[in-house]
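In: Structure, please.
(5 chains, ligands or ions: 4)
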Amino acid sequence: MITSIWTWLTAPAQWSGAGGIPTRLWEHIWACLLVLVIAAAIAWPLGAWIAHAGRGRWLISVANAARAVPSLGLLFAVAMWMSGMFSGSTLAFTIPPTIVLVILAIPPLLAGAYAGVHEVDPAVRDAARGMGMTGGEVLRKVELPIALPLILSGLRSASLQVIATWTIAAVLSVGGLGRYLIDGLASADYAQMAGGAVLVAVLALLVDGMLALLQRLVVSPGLTGRRRRRARTGIPRATASRPTA
Amino acid sequence: MIRFEGVTKKYDDSIAVDHLDLEFPDGAITCLVGPSGCGKTTSLRMINRMIELTSGRVTIDGRDIRDQPAAKLRRGIGYVIQHAGLFPHRTVVDNVATVPLLNGWDKRKARARAHEVLELVGLPGNFASRYPAQLSGGQQQRVGVARALAADPPIMLMDEPFSAVDPVVREQLQDEFLKLQGELGKTIVFVTHDIDEAIKLGDQVAVMRVGGRLAQVAQPAALLADPADDFVADFVGRDRGYRALSFADTPSLPLASEPTIELGASVDQARAATSDRWLLVVQDGRPQGWVEPARLTGPIEADSLHRGGTVARVDGPLRASLDAALSSPARRGVLVDHEGRLVGTVRAHEVLTAIEQTDRPRSDDEASGGIRLGKERG
Amino acid sequence: MIRFEGVTKKYDDSIAVDHLDLEFPDGAITCLVGPSGCGKTTSLRMINRMIELTSGRVTIDGRDIRDQPAAKLRRGIGYVIQHAGLFPHRTVVDNVATVPLLNGWDKRKARARAHEVLELVGLPGNFASRYPAQLSGGQQQRVGVARALAADPPIMLMDEPFSAVDPVVREQLQDEFLKLQGELGKTIVFVTHDIDEAIKLGDQVAVMRVGGRLAQVAQPAALLADPADDFVADFVGRDRGYRALSFADTPSLPLASEPTIELGASVDQARAATSDRWLLVVQDGRPQGWVEPARLTGPIEADSLHRGGTVARVDGPLRASLDAALSSPARRGVLVDHEGRLVGTVRAHEVLTAIEQTDRPRSDDEASGGIRLGKERG
Amino acid sequence: GGGSNPMSSGSGGGGNSSAAAGTLKVGAADFPESQLLAAIYAGALNAKGVKASTGDPIGAREVYLKALNDGSVDVVPEYAYSLLTFYDKSATQKDAQSVATALKAKLPAKLQILNPAQAQDANSVAVTKETATKWNLKTIADLAKQSDKVIFGAPPEFQKREQGLPGLKSAYNLAPKTFRPLKGNALVQALKNGQVNAANIFTTDPSIKSDGFVVLEDPKHVFGSDNVVPLITKAKATPQVQQVLNSVQGKLTTDNLAEMVKQVVVDKKDAGQVATTFLKDNGLA
Amino acid sequence: MNYALNHFPEILQRAGQHAWLAGVPLVLGLLIAVPVGWLARRFPKASPWLVGGSGLLYTIPSLALFILMPLILGTRILDPLNVIVAMTIYTLALLVRTVVDGLSAVPRDTVAAATAMGYSPVRRFLAVDLPLAVPVIAAGLRVAAVSNVAIVSVASLLGIPNLGFFLTDGYQNYDNGEIWTGIVSCLILALVFDLLIQLAERLLTPWQRVVHG
Ligand SMILES: Nc1ncnc2c1ncn2[C@@H]1O[C@H](COP(=O)(O)OP(=O)(O)OP(=O)(O)O)[C@@H](O)[C@H]1O
Ligand SMILES: Nc1ncnc2c1ncn2[C@@H]1O[C@H](COP(=O)(O)OP(=O)(O)OP(=O)(O)O)[C@@H](O)[C@H]1O
Ligand SMILES: [Mg+2]
Ligand SMILES: [Mg+2]
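Out: Ligands and ions are numbered 1, 2, ... in the order given. Presented below is the predicted three-dimensional model:
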């Protein structure tokens, strides 16, 4: 089996053309990127604002509850609902899954931004205010930088989720690596399916690794364990910010 | 001068501060003490408008604090809190440079200033690039103080700044803080629930009681000598008489000259030096301890010294002189000059007589009179 | 008797305890003090093998602690730590019943025993079914002590058990602890970094220095009177002479009878009562404070009293008597009996004379001699 | 799974390997007609005392044949010509009888087919009326001329099948500009909404009538005549089972099949009910 | 709504199947995660590998895992075991970290006190560490439960019966009622799981109620 996956992966036919791996990979990455950018643009300011202002906390609960929605169902529901909207355009195929994925990516991003800002030590916030920072300055110079680790771990969760769910979105006739799985499934081509599955897993791992690296680069060393004198006491990590697809 | 005029802070269900009238003289440390929940923090935070008062008025140099935007007011007031509240994501130097930067200084100047202030609080330059998590509790507190000092504000608010560190470090921080204040002469409001700390640091101590009311405001000595009521007396605690001696003006004590012997001297030399049971051992004129010549079996070594006696500065408070006399095995208290050189000895009875000659502070004089600035540090 | 023989604990990069020779006499409290990181906790935990020693030997009643399985050894040794370390998921009574249950007692008997011990540490029965989170810090500490006592182990190890509670509660716990030990007579190893606590509680105090070496071991009075070296002298701190008075045997002081006046008396009555500037006010024979008859403008009320003076027990330590005299505005220290009734007054000079008559402890006698058990509690 | 496994109880667990022994598991492909036929087979068998159950639709031929192979299911409704071209890409037989004969020869040893029904359902290429008019389309060959404008919608497996893009390419040189993997109603909707302009639709699909799609002629017979035929594992094909299923086959016509599919797809009737009605009406239950 | 009313027995049956596919892995995952978590605490050097490694499993997309399962296990393609194993892997990915977090959150003093009282290591783990880790573990379990319920529906793409059938079938038939029946059933099932875990947590941690009450 491993050999047939390998054969599939290394066949020259797989590496060119409209159904080739580079194209599919590019489609997948591009779609996920778009989704994440849109979702972050919505979720981050909202989460930070909720934590900062202490209002609208129910939104966090709603977003968390939304994690229980089966992504497959949402994909189908939205696709059907929008089926008549884009007559004659291929947008009809890309818009619904994009919307659904944005909806699915928001909870982890929102939770990350909220928890990050919310968990800033009140004494630190207090000190910042006490030295004469305005609300905006407190948010920009203190809360956000300190929240960064949790914001980024929310991003990691969201990106895993989006990558995984865009794979399933292939049932709606969109491009991306999910095509190999869905098409392979349809024609019982296990080498193709398994090859696709491997590609998606590798992509997910790579993206997660890159974000981990990013986290190392942009998060202040003062906030990470790396430059700590004493071991931090066991604060349970925000187990809540995890993907569900 | 910060002045509270009938300041009250009400919360929905309770009164945190109740008609507080209080003055915080310029260049002096005013300590707010009282049991937990008595409204110390609330009072402090009303000064920089972290908490807005419900009624009454707070003025700084006659100007109502509500006359300017809160953020602007705060930049002119240093604020130090219990756990320092350092920014974990910034290095020590960047923490300290925060207010200068907020005030629009350029980065270089702000950092230079930060280094300056760090030195002031006794943090060597190599700490500057560390992160707060890499510092001990005491070091963090120092950075907290440095950060508040960086913009050189005339007023500093300090909320139990030293309470999170262990007693030894705390004492050290207190001493440094007093020295620093001796140089800087800020107007300081210092909240603590430790009466010893208040007495040690305060030029003026305001004792609050639960319910946010003022129980007594007085100089530390007056507080020890004449607590206004049982609540204050209880709060001030035991050993008031002895502790009050820290504040008694130093009279000139009748000094006796003391025979001495150098460290390393032989048994015979020691026995020849005195007819008393105990003999004081010195080195370069500095007292080292006592020996009993009769019990010596060899030359006088550091190991064989009796070190029970404390040593007092001749210009220091009577408390130290009395303890020197009480602790000395020879019953003669050793007094030294500012360089630690022997000046003479004094007996406990003589110290007592001196104590009785000093005027006791009188409550009714003090309470109405002004605060004498520039605490004598014992 | 616990005995350390050349006990050493090495970590990869450092030595925590260095060739420690020390005896912990039966039925006595031995306090281990020293600066942070000097190896107190390590020493303590080597006794119940929470930490295994690197070299040397620890024996209990002559038997090497490594002769039995660690878990078994531990069940015979009570252990109390700083934050009590209670099991948050078990009720108070179940916390206390833990060791009896581990020892195989049946549930009923274990609980009955737990209730018994809880009473012993002063926790009323209605606390038994609470969870630790429902108790105050002081109450939690009591449960911690009760839990360690439950199996009635002959040995108790206590690691800064009272340091997490506030000073007032701490004092209370210390007093109760001493009373309890007076009844139980356990062999106790008590770690603290607070020298005052060590001096108050210890029958014997062992001072350690950083690097895990023993600096001095002595009775508290001897420690104050004759610290072995500068390190110990520094560590023991200021006011050694004064604090040592806590341990001086109480001689009979020459009491003077003091004219008094009842609270509520009129100005004239007060002026008639004495020719002195100050007059002692009593109620039911209990001293309330001083007044100056000359300055009175109306009947003597609680408000007009001068409360500066402390009050000492006539059978109490000289320290309290001296402070009473020093703090009194009349220069006469007020002494009372065990019920708080006035017995007479004493002057500071008289107290001093009494002090000079008491024998000073002598270092060389003490250090070589055995420990005198049964601390006199002042 | 043990007794507490909820999937081992009830009739929905047809695809489940742990279904009670002796129960005939009727599988189905993932389109309504297949599920309907499965329901009819199972209903008929149950009515005649042979325990049978249906499961969830499994997928395309490639998948359910695997399931049949590993015993996950025992019988599936099949289409004779499609099945033949699955096993023999170069098959040339077109009429029902010779297809059946050829198929019997090509089937793996474990499997057998029962009697083909009269009912036919063929693959086809359909376009909307507007497209047909605009491009003047009659046959698939006409469409091939517009290849560079064709957005072709079909189930994913269509890309690789002989009765699919490969066949269309070799017979008509039809190479669509874009291929859209779509199936079921989504495909119909996409065709209707112009998101694809040609689609692979079954000839029994009710939308051909209701939405007025034009089925393009297939002169080169890429799509053969597909008679419905049960495919069954030999081990399970007892005489009684054969007899029951063959009698069902005898009653299935293209018309009544198309009507039943319409009831399910357009009228949203439950496939099970439609099957029961059919069996009753034809005296099969 | 109509669809749901007409198909009520089928919904119940599929919900049962769904609950089985999502629930069994939850239990299995927990049973495996606890000893793994214990190992990670016991051998701190191995901890990053155990926690990080199990966490990486979560990056494998569900559809991919379902498809790969028969190849790895040698099972039949419609075997629910594939889903059970895959979901157990996901549960494990979430729970190992949670168990480690939970065990780390047990106050050191409490653990030291227990050791000093003469508990053997295993007995201590069961009597002290584990009960005290329950709140954190339960929180992780709730996340895993909700996510399991959502993921299992993907298995319907492969023909494995569960509530996800309503989603695939509903899409095929373009039946909105059916799709929403599937979505809402999944949500309700997730809610039931959530409530059950909360209930279990409450029963296991009587001391917590008291603190907050
Ligand atoms: N935001 C608030 N809402 C309601 N009551 C409050 C609030 N903040 C403080 N209080 C109450 O006001 C009183 C004074 O609080 P404050 O913090 O000033 O006490 P404190 O003297 O600083 O005590 P501590 O020594 O414990 O710090 C307390 O009884 C407290 O409960
Ligand atoms: N597990 C360990 N590994 C390495 N060094 C250790 C370890 N535990 C303790 N130490 C070191 O051993 C020395 C003694 O530690 P110990 O905890 O006994 O000090 P302590 O006197 O109890 O201090 P404190 O008053 O702060 O509790 C310290 O320098 C400490 O850093
Ligand atoms: Mg406060
Ligand atoms: Mg310690």
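In: is ligand 2 contacted by the top helix by length along chain B?
Out: Taking DSSP state H as the criterion, chain B has its longest helix at helix B:167-184. No: using Cβ under 6 Å from any ligand atom, helix B:167-184 never reaches ligand 2; the gap is at least 10.1 Å. Bear in mind the C-beta positions are built from the backbone N, C-alpha and C, glycine included.
In: Show the average pLDDT along that helix.
Out: In this model, helix B:167-184 has a mean pLDDT of 86.
In: what packs against the longest helix seen in chain E?
Out: If you go by DSSP H, chain E has its longest helix at helix E:8-42. Under the contact definition 3 or more Cβ pairs under 8 Å, 6 or more residues apart in numbering or on different chains; DSSP states H and E, helix E:8-42 sits against helix E:47-56, helix E:80-104, helix E:130-152, helix E:164-172, helix E:176-204.
In: by contact count, what packs against the longest one?
Out: Counting contacts by 3+ Cβ pairs under 8 Å, 6+ apart, helix E:176-204 is packed against helix A:71-81, helix E:2-6, helix E:8-42, helix E:130-152, helix E:164-172.
In: on that earlier part again, can you mark which positions in the longest helix of chain B are buried?
Out: Using 16 or more other Cβ atoms under 10 Å in any protein chain shown as the test for burial, helix B:167-184 gives B:168-171, B:173-174, B:177, B:180-181.
In: Quick one: distance of it to the chain centre.
Out: 6 Å (Cα atoms, centre = their mean, to the nearest Å).
In: now stretch E:170-188
Out: 23 Å.
In: Extract the CA atoms of that stretch and return them as PDB.
Out: In PDB, the C-alpha atoms belonging to stretch E:170-188 read as follows (Å, rounded to 0.1, in the frame of the first residue of the first chain):
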ATOM      1  CA  GLY E 170     -30.200  15.900   2.400                       C
ATOM      2  CA  TYR E 171     -27.700  17.500   0.000                       C
ATOM      3  CA  GLN E 172     -28.200  14.800  -2.600                       C
ATOM      4  CA  ASN E 173     -32.000  15.400  -2.400                       C
ATOM      5  CA  TYR E 174     -31.700  19.100  -2.000                       C
ATOM      6  CA  ASP E 175     -33.800  18.700   1.100                       C
ATOM      7  CA  ASN E 176     -33.300  21.600   3.500                       C
ATOM      8  CA  GLY E 177     -35.400  20.000   6.200                       C
ATOM      9  CA  GLU E 178     -33.300  16.900   6.100                       C
ATOM     10  CA  ILE E 179     -30.000  18.800   6.400                       C
ATOM     11  CA  TRP E 180     -31.200  20.900   9.200                       C
ATOM     12  CA  THR E 181     -32.500  17.800  10.900                       C
ATOM     13  CA  GLY E 182     -29.000  16.500  10.700                       C
ATOM     14  CA  ILE E 183     -27.300  19.600  12.000                       C
ATOM     15  CA  VAL E 184     -29.700  20.100  14.900                       C
ATOM     16  CA  SER E 185     -29.600  16.500  15.900                       C
ATOM     17  CA  CYS E 186     -25.800  16.800  16.000                       C
ATOM     18  CA  LEU E 187     -26.000  19.900  18.100                       C
ATOM     19  CA  ILE E 188     -28.500  18.300  20.500                       C
END
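In: pLDDT of that stretch, averaged?
Out: On average, stretch E:170-188 scores 90.
In: Mind listing what's buried along it?
Out: Of the residues in stretch E:170-188, those buried (16+ other Cβ under 10 Å) are E:170-175, E:177-187.
In: So for stretch B:205-225, mean pLDDT?
Out: On average, stretch B:205-225 scores 91.
In: List the buried residues in that stretch.
Out: B:205-209, B:212, B:214-225.
In: Straight-line length of it, end to end?
Out: End-to-end distance for stretch B:205-225, by Cα to Cα, to the nearest Å: 13 Å.
In: what ranges do the strands span in the stretch 101-250 of chain D?
Out: D:111-113, D:125-127, D:151-154, D:178-181, D:198-200, D:214-215, D:228-233 (DSSP state E, counting those that start in this stretch).
In: Centre of the chain to stretch D:267-285, how far?
Out: 18 Å.
In: is any part of that stretch close to chain E?
Out: Yes: judged by Cβ under 8 Å from any Cβ of the partner chain, stretch D:267-285 comes into contact with chain E at D:268, D:270.
In: Send me that stretch as CSV with only the CA atoms.
Out: Only the C-alpha atoms of stretch D:267-285 are listed here, as CSV (Å, rounded to 0.1, in the frame of the first residue of the first chain):
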residue,chain,number,x,y,z
ASP,D,267,-42.2,14.8,-4.6
LYS,D,268,-39.7,14.0,-1.8
LYS,D,269,-41.5,10.8,-0.9
ASP,D,270,-39.7,8.3,1.3
ALA,D,271,-38.0,5.7,-0.8
GLY,D,272,-39.1,2.9,1.5
GLN,D,273,-42.8,3.9,1.1
VAL,D,274,-42.5,4.2,-2.7
ALA,D,275,-40.9,0.7,-2.7
THR,D,276,-43.7,-0.8,-0.6
THR,D,277,-46.4,0.7,-2.8
PHE,D,278,-44.7,-0.7,-5.9
LEU,D,279,-44.4,-4.2,-4.3
LYS,D,280,-48.0,-4.2,-3.2
ASP,D,281,-49.3,-2.9,-6.6
ASN,D,282,-47.4,-5.7,-8.4
GLY,D,283,-48.4,-8.4,-6.0
LEU,D,284,-44.9,-8.9,-4.8
ALA,D,285,-45.7,-8.2,-1.2
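In: Residues in contact with that stretch: which ones?
Out: By Cβ atoms under 8 Å, 6 or more residues apart in numbering or on different chains, the residues outside stretch D:267-285 that reach it are D:32, D:35-36, D:39-40, D:42-44, D:47, D:247-248, D:251, D:256, D:260, D:263-264, E:6, E:173, E:175.
In: Next: stretch A:157-167.
Out: Counting by Cβ under 8 Å, 6+ apart, residues outside stretch A:157-167 touching it are A:28, A:31-32, A:35-36, A:39-40, A:71, A:75, A:97, A:100-101, A:104-105, A:108-109, A:112, A:174, A:176-178, A:181, A:200, A:203-204, A:207-208, A:211, A:241-245, E:58-59, E:61-64.
In: got the contact list for residue 117?
Out: You didn't pick a chain, so chain A it is. Contacts of residue A:117 by Cβ under 8 Å, 6+ apart are A:47-48, A:51-52, A:139, A:143-144, A:147.
In: Chain E is the one I meant
Out: Contacts of residue E:117 by Cβ under 8 Å, 6+ apart are C:74-75, C:79, C:98-99, C:102, C:147.
In: Indicate which one of the helices and strands packed on helix E:8-42 is closest to residue D:130.
Out: Taking Cβ to Cβ, helix E:164-172 is the member of the helices and strands packed on helix E:8-42 nearest to residue D:130, at 25.9 Å.
In: Is stretch E:125-138 in proximity to chain C?
Out: Yes: counting by Cβ under 8 Å from any Cβ, chain C has neighbours in stretch E:125-138: E:128, E:131-132.
In: ok, so of these, who is nearest ligand 1?
Out: Checking these against ligand 1 with Cβ to the nearest ligand atom, the nearest one is residue E:132 at 28.7 Å.
In: Excluding sequence neighbours, find me the nearest residue to that closest one.
Out: residue E:106 (4.5 Å; Cβ to Cβ, 6 or more residues apart in numbering or on different chains).
In: about what we covered before: which one of the helices and strands packed on helix E:176-204 lies nearest to ligand 2?
Out: Closest among these, using Cβ to the nearest ligand atom: helix E:8-42, at 15.7 Å.
In: Near chain A, which residues of chain D? Just list them.
Out: D:59-60, D:62-63, D:65-66, D:155-157, D:159-161, D:180-182, D:186, D:189-190, D:193-195.
In: swap the cut-off to 7 Å and go again
Out: Contact residues (Cβ under 7 Å from any Cβ of the partner chain) of chain D with chain A: D:59-60, D:62-63, D:66, D:155-157, D:159-160, D:180-182, D:189, D:193-195.
In: Can you read off the pLDDT for the residue positioned nearest the centre of chain D?
Out: Nearest to the mean C-alpha position of chain D, by Cα atoms, centre = their mean, lies residue D:34 at 5.1 Å. Residue D:34 is assigned 91 on the pLDDT scale.
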